[in-house]
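# Sequence unavailable; structure follows:
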């Protein structure tokens, strides 16, 4: 077992602006500012939830992630956060000076076992489904005023709601007032129809109000999110590229700021027979539009999941990104899969946010992430109560 204050994180050095007792927060991937609350991110992945917390004014001082590729992406984009590349079960203490600020423990335990698309291990027999107990253990170690546990909507009915009931009960035992919300990312400025569950616990005397969609917000479409990004071909492998043109939507302007080039324009090199299938799928269509003769390798075509071979509609928010390589989501106008940057745009990651590792690792990092703009809305609700 390790103490977080003693573990050196293996692959990463402590950033200079984290030295001593300075209070810092990442802004735009580079600046250090004072945070209004102190945060620890468990199961941090590539850092979508931390980015939303940072935008809301939380200093994320510590993050824990087992996967070295996701941790590398996190550290690259959150230079002032100390990242521990370790199995969370091996860390036994959190030693952080909070200077009287409210503390927020947040994170998303592995969710694949709760996903409705998971037909094999969506049960109490999946050991990963019990990792929420590590979140509970860290609440005991650190005693934060706030907790935010994120997961998929499917946890509400996995094993007839057993896991969600247990999570709520464990936090209530520790004198947290607990509530939970299901929020759809598309209502908070994210160009994607994605439901996420947030369990909120408070020791400050009340529960924050469930975030409401901004009254002046409009739904962001796939076209608004992607139209300024460069045109690509199947198997595109040039990482940094200039934009296709000017940002012609407020969302695109927000994502690229003053940048002239961006990274992660990588596309899976799909086999010719896959590309041939893509050509038959109209906008909004899926595998059912592909001729039977092109689907002969499927033992039972009728058992295909409705989410595979789906071409995005340009005038609507995207369907759930998730494992978009496995599901073979198709670009709305081009016969290819989505690039990493396109998927990141649909998740509301700004263009300065760069993903690291091979294309497969980058795709997984983007698909597994909490949309930062959705996380921002959740943390702003908390911060209004601090």
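Perfect, I can see it now. This one's a predicted model, so the numbers in the text were calculated from it and none came from an experiment.
# Excluding chain neighbours, what is closest to residue 227?
residue 248 (6.1 Å; CB to CB, 6 or more residues apart in numbering). Quick note: C-beta positions are derived from backbone N, CA and C, even for glycine.
# mind listing what the residue at the greatest distance from the centre of the chain touches?
Centroid-distance maximum for the chain: residue 293 at 37.4 Å, with CA atoms, centre = their mean. Residues near residue 293 by CB atoms under 8 Å, 6 or more residues apart in numbering: none.
# Regarding it, what is its secondary structure?
Three-state call for residue 293 (DSSP: H, G, I helix; E, B strand; the rest coil): helix.
# how close does the residue nearest to residue 87 when sequence neighbours are not counted get to residue 340?
With CB to CB, 6+ apart as the criterion, residue 87 has its nearest non-adjacent residue at 5.2 Å, and that residue is residue 66. Residue 66 sits 21 Å away from residue 340, going by CB to CB, to the nearest Å.
# Of the two, which one has the most company?
residue 340 (27 against 17; other CB atoms under 10 Å).
# Check that one and give its pLDDT.
At residue 340, the predicted lDDT confidence score is 98.
# Just the pLDDT for the closest residue in space to it that isn't next to it in sequence.
The shortest distance from residue 340 to any non-neighbouring residue, by CB to CB, 6+ apart, is to residue 264 (4.0 Å). We have a pLDDT of 98 for residue 264.
# Run through the residues that contact residue 264.
Residue 264 touches 239, 339, 340, 341, 344, 354, 355, 362, counting by CB under 8 Å, 6+ apart.
# Next step: those residues restricted to helices.
340, 341, 344, 362 (DSSP state H).
# number of nearby residues for the last one?
By that I understand residue 362. 27.
# which one is it nearest to, not counting chain neighbours?
residue 355 (4.2 Å).
# Isn't that neighbour up against residue 72?
No. With contact defined as CB atoms under 8 Å, residue 355 does not reach residue 72; the gap is 9.3 Å.
# more neighbours, these two?
residue 355 (29 against 21).
# Provide a list of residues in contact with the more buried one.
46, 73, 263, 264, 340, 344, 362, 365, 366.
# Sketch out the helices for the stretch 101-250 of the chain, chain order is fine.
Using DSSP state H, counting those that start in this stretch, the helices of the stretch 101-250 of the chain run over 132-142, 162-173, 222-226, 250-256.
# how far away is residue 332 from residue 108?
For residue 332, the distance to residue 108 (CB to CB) stands at 29 Å.
# Among the two, which residue is more densely surrounded?
Counted by other CB under 10 Å, residue 332 and residue 108 do not tie: residue 108 has more neighbours, with 26 against 21.
# Would you check how far apart the more buried one and residue 136 are?
Per CB to CB, residue 108 is found 14 Å from residue 136.
# With residue 230 instead?
For residue 230 relative to residue 136 (CB to CB), the value is 45 Å.
# before we move on, the earlier item: got the confidence number for the residue nearest to residue 87?
If you check residue 66, the pLDDT there is 94.
# Also residue 52?
Looking at residue 52, its pLDDT reads 98.
# Equivalent analysis for the one 3 residues further on, please.
With respect to pLDDT, residue 55 scores 97.
# And residue 204, by the same measure?
87.
# Any stretches of the stretch 1-150 of the chain with poor pLDDT?
1-34, 111-129 (pLDDT under 70).
# Next up, identify which helix or strand the closest residue to residue 343 other than its chain neighbours is on.
Counting by CB to CB, 6+ apart, residue 366 is the residue found nearest to residue 343 once chain neighbours are left out, at 4.7 Å. Using DSSP states H and E, residue 366 maps to helix 359-368.
# Equivalent analysis for residue 378, please.
If you go by DSSP H and E, residue 378 is part of helix 372-383.
# Could you list the residues in contact with stretch 176-184?
Under CB under 8 Å, 6+ apart, the answer for stretch 176-184 is 139, 147, 153, 156, 164, 168, 171-172, 193-203, 205-207, 210-211, 374, 377-378.
# what is the rounded mean pLDDT of that stretch?
93.
# in it, what counts as buried?
176, 178, 179, 180, 181, 183, 184 (16 or more other CB atoms under 10 Å).
# thinking again about what came up before, test for you: state the pLDDT assigned to the residue nearest to residue 343.
pLDDT, residue 366: 97.
# With residue 216 instead?
For residue 216, pLDDT reads 76.
# do the same with the one 5 residues further on
Looking at residue 221, its pLDDT is 98.
# And for the one 5 residues further on?
The predicted structure scores residue 226 at 98 on the pLDDT scale.
# Tell me which residues touch the closest residue to it other than its chain neighbours, please.
Spatially, and ignoring its direct neighbours in sequence, residue 226 is nearest to residue 342 (5.5 Å; CB to CB, 6+ apart). When contacts are counted by CB under 8 Å, 6+ apart, residue 342 touches 226, 229, 331.
# The second one contacts residue 343, correct?
The one in question is residue 229. No. Between residue 229 and residue 343 there is no contact under CB under 8 Å: 10.9 Å.
# So for the two, which residue has more residues nearby?
Neighbour tally, residue 229 and residue 343, criterion other CB under 10 Å: the higher count belongs to residue 343, 27 against 22.
# thought that one was touching residue 325?
No. In this structure residue 343 lies outside contact range of residue 325 using CB under 8 Å: 9.1 Å.
# Spell out which residues are contacts of both of those two.
Going by CB under 8 Å, 6+ apart, residues that sit against residue 343 and also against residue 325 are 363, 367.
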